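1. Return atomic coordinates for the entry below.
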Amino acid sequence: MRGVRVDPERRETRILRRHVPFAGARVLDIGCGDGRLSNRIRGWIDSIVGVDMAGEDVRRAHARKRLEDVARFAVADASRLPFQDRSFDLALFSWSL
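-> Down below sits the predicted model:
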């Protein structure tokens, strides 16, 4: 979605911050796309894993330098996640329909 600003007012992150206990959390970002939401919450969490079926988007997420220490990204189908139970404290699914 080049040229389109998603949530320029950052309502999404304000609402999440108000209602979700992010401190020290291990987060799964389902449908992470290019890492947009992962990037916005990176300072609130312990770690994040983003999954998306679009390989090109996952490559763009990997390229985000500010996420190198806190995030990993993988091409994966959310209906068959390659993780053990209880690997994450929170799961987010945002703007992915």
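2. I'd like the mean pLDDT over stretch 87-97, please.
-> When pLDDT is averaged along stretch 87-97, the result is 85.
3. meant to ask about stretch 24-34, not that
-> 95.
4. residues in contact with that stretch?
-> The set of residues external to stretch 24-34 that reach it, using CB atoms under 8 Å, 6 or more residues apart in numbering, is 35, 37-38, 41, 44-52, 54, 57-58, 60-61, 64, 73, 78, 81, 83, 87-96. In this view, the C-beta of every residue, glycine as well, is placed from N, C-alpha and C.
5. Let's see that with 7 Å instead.
-> Outside stretch 24-34, the residues within contact range by CB atoms under 7 Å, 6 or more residues apart in numbering are 37-38, 45-52, 57, 60-61, 73, 78, 88-93, 96.
6. Just give me the neighbour total for R26.
-> R26: 14 surrounding residues under other CB atoms under 10 Å.
7. separation between it and D46?
-> Distance of R26 to D46, computed by CB to CB, to the nearest Å: 6 Å.
8. for F83, same thing?
-> Distance, F83 to D46, by CB to CB: 16 Å.
9. Filter the contacts of stretch 24-34 down to the buried ones.
-> For the contacts of stretch 24-34, a burial check counting by 16 or more other CB atoms under 10 Å picks out 37-38, 45, 47-52, 57, 60-61, 73, 88-90, 92.
10. Sitting in helices, which of those do you find?
-> Among those, DSSP state H puts 37-38, 57, 60-61 in helices.
11. Just the closest of those to D7, please.
-> Distance to D7 across these (CB to CB) is lowest for L37, with 9.2 Å.
12. any idea of the pLDDT on that closest one?
-> We note a pLDDT of 90 for L37 in this prediction.
13. Could you double-check that it sits in contact with L92?
-> Yes: here L37 reaches L92: they are 6.4 Å apart, a contact under CB atoms under 7 Å.
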